[in-house]
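# sequence and predicted model, in that order:
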Amino acid sequence: MAAGCGSSDNDAESTAATGGAATAASTTPPESSLSGTLKVAFPATAQPGWQRIIDDFEAANPDVKVNATFAPFASFFQLVSTQLQSGAGPDVIYTPPGASLPLSIQNMAADGRIQVLDDRPWAQDVPDELKDLVSRDGKVYGLVNGVFTGFLLTNDEKFAELGLEPPTTMDELLGMCKTIADAGLIPVAIGGGFPPDLSNLLSLLTANYVDGPDPEWIQRRNRDEVTFSDSEGWRTALQRIVDLKENGCFERGVSGASREAATAAFASGKALMYPVLQPQLPAVVAADPKFEWSVVPLPGDGPDTTYLAITVDPIISINSKSENPELAEAFLDFVATPEQSRIYNEVQHTIAPADFVENTFPELLAPLAEYLQPGGHNVITEPTFWKTPSTNGVLSTNLAGLLTGQKTVDEILAELDKTYGKQ
């Protein structure tokens with residue numbers, strides 16, 4: 001359950017001149033018809049991609065100034081919610097899929113806080129695979145501009161030195177941790193002190209143990225036909241975090257480790273594996289690893305029980321109280337063009353929605369092609385279908401307790417059931 005949706009505090013809050021799939025090109029109004037100031041707000045992990053879009057949009061429209069707020073994911077929702085409540089919110093807003101986070105598209109649409117976009121030229125071309133994620137009651141409220149998955153990064157050179165192969169089963173992963181630790185290395189890097197990293201790790205595990213084997217589980221939970229406590233898949237997914245700790249796969253003091261520290265550990269060669277979501281790749285690349293590395297799925301109990309978690313993100317929407325709705329619509333139309341969509345996703349190391357639908361993936365993801373293609377072992381991440389943000393809150397608050405011993409699997413499952421569907 002990727003509560004963090006790939007965003008992080010691996011950035012600093014800043015304000016600078018500076019979301020839904022379209023497969024057909026759309027047109028931007030003539031330069032002379034666009035002028036004024038547009039306010040946009042995005043999580044800071046997406047700053048490189050959005051800044052490129054903004055630069056191109058301003059270059060195409062010299063009389064337009066785009067003012068962007070890029071805020072850390074941990075503070076983004078509170079910041080923008082406060083702005084919206086005061087009437088000073090951005091014109092264009094990042095709206096996560098589903099209802100699991102503040103400002104999620106389903107919540108914002110239900111409250112009338114974002115604009116219906118059915119009249120935009122790209123809205124009729126949203127692929128069927130993605131349309132439900134940007135729609136409510138048959139109306140389109142958002143533009144998907146990215147799709148991503150999660151996986152293990154592996155240090156190929158260190159694996160070869162130790163005579164190991166990347167794990168294809170969870171037992172193999174757990175079993176090799178002692179060998180790696182005995183070599184003075186960290187088997188698995190993770191930001192254990194940063195709740196989104198643990199939530200993201202859990203999303204990779206629940207793809208293997210819950211959503212992949214039983215894609216309808218969350219729908220049955222929403223109908224109160226099943227519970228978290230009775231789910232062996234959920235129990236196993238949470239237990240795997242405990243197993244990784246108890247088998248020495250994490251570094252000592254992992255419960256206090258930041259995402260920045262985990263990224264540095266992998267990039268420096270001190271850690272052999274690093275479970276990440278695609279939007280974290282720019283930070284890894286920027287850290288400039290001096291070795292060959294690649295991607296593999298985080299394994300389940302075997303190849304037949306290994307799945308990739310797919311997240312449709314970012315989605316962007318227009319504030320229903322925008323001071324400049326015409327300019328906001330022109331910005332979304334610009335983002336929706338195939339050229340700009342692909343530029344954004346190349347910068348962010350994610351997948352353009354049109355490319356995802358057409359089964360065209362970045363070269364880096366070639367080892368995962370059999371999982372990503374239609375009929376492959378992939379599943380849309382469960383938070384998209386959670387009833388309310390409470391589930392995300394429970395996990396963000398409690399997962400670290402599995403590392404410190406302050407929480408048990410049973411306690412977390414019981415709290416998930418107690419709070420599910422409540423605000």
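Here it is on my side, so go on.
# what count of nearby residues applies to the nearest residue in space to Thr419 that is not next to it in sequence?
The spatially closest residue to Thr419, leaving aside those adjacent along the chain, is Ser390, at 4.6 Å (C-beta to C-beta, 6 or more residues apart in numbering). The C-beta positions use only the backbone N, C-alpha and C, and glycine is treated the same way. Look at Ser390: counted by other C-beta atoms under 10 Å, it has 18 neighbours.
# so how far is Gln219 from Ser390?
Computed with C-beta to C-beta, to the nearest Å, the distance linking Ser390 and Gln219 is 18 Å.
# so who does the residue nearest to Thr419 touch?
Neighbour list for Ser390: 419-423 [criterion: C-beta atoms under 8 Å, 6 or more residues apart in numbering].
# mind running it again at 7 Å?
Residues near Ser390 by C-beta atoms under 7 Å, 6 or more residues apart in numbering: 419-420, 422-423.
# and it, how far is that from Val80?
Noted for Ser390: a distance of 20 Å to Val80, by C-beta to C-beta.
# repeat that for Asp243.
Separation of Asp243 from Val80 (C-beta to C-beta): 38 Å.
# check Val66 too.
In terms of C-beta to C-beta, Val66 sits 16 Å off from Val80.
# which parts of this structure are strands?
Under the criterion DSSP state E, the chain contains strands at 14-17, 36-43, 64-71, 92-94, 135-136, 139-140, 143-144, 147-155, 186-188, 271-277, 293-296, 308-312, 315-318, 378-380.
# so how far is Gly300 from Thr154?
Thr154 is 17 Å from Gly300, by C-beta to C-beta.
# where in the stretch 1-150 of the chain is pLDDT low?
Within the stretch 1-150 of the chain, the segments meeting pLDDT under 70 span 1-32.
# picking up where we left off before, buried among the contacts of Ser390? Make that a PyMOL selection.
Only the buried entries of the contacts of Ser390 go into this PyMOL selection, using 16 or more other C-beta atoms under 10 Å:
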select buried, resi 420
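# most widely separated two among the contacts of Ser390?
By the measure C-beta to C-beta, Tyr420 and Gln423 form the most distant pair in the contacts of Ser390, at 11.4 Å.
# Glu129 - nearest residue in space that isn't next to it in sequence?
Val357 is the one closest to Glu129 (C-beta to C-beta, 6+ apart), at 6.1 Å.
# measure the one you found to Lys418 for me?
Distance from Val357 to Lys418, by C-beta to C-beta: 39 Å.
# more crowded one of these two?
Using other C-beta under 10 Å, the more surrounded residue of Val357 and Lys418 is Val357, with 18 against 12.
# does the more buried one touch Pro127 like I think?
Yes. The pair Val357 and Pro127 passes the contact test of C-beta atoms under 7 Å, sitting 4.6 Å apart.
# distance from the chain centre to stretch 159-169, please.
Centroid separation for stretch 159-169 versus its chain: 27 Å, with C-alpha atoms, centre = their mean, to the nearest Å.
# pull out the buried positions in that stretch.
159, 162, 164, 166-167.
# make CSV out of the strands of the chain and add mean neighbour count and distance to Gly175.
Converted to CSV, the strands of the chain look like this (neighbours: other C-beta atoms under 10 Å; distance: least, C-beta to C-beta, whole Å):
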stretch, mean neighbour count, distance to Gly175
strand 14-17, 12, 44
strand 36-43, 23, 37
strand 64-71, 20, 41
strand 92-94, 28, 41
strand 135-136, 19, 45
strand 139-140, 17, 48
strand 143-144, 28, 40
strand 147-155, 24, 15
strand 186-188, 24, 10
strand 271-277, 26, 13
strand 293-296, 18, 16
strand 308-312, 26, 23
strand 315-318, 26, 40
strand 378-380, 20, 26
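# now distance to Met176 too, for the ones you listed, in TSV please.
As requested, the strands of the chain are arranged in TSV below (distance: least, C-beta to C-beta, whole Å):
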stretch	distance to Met176
strand 14-17	41
strand 36-43	34
strand 64-71	39
strand 92-94	38
strand 135-136	45
strand 139-140	47
strand 143-144	38
strand 147-155	11
strand 186-188	7
strand 271-277	9
strand 293-296	13
strand 308-312	22
strand 315-318	38
strand 378-380	25
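# with that, I have no additional questions.
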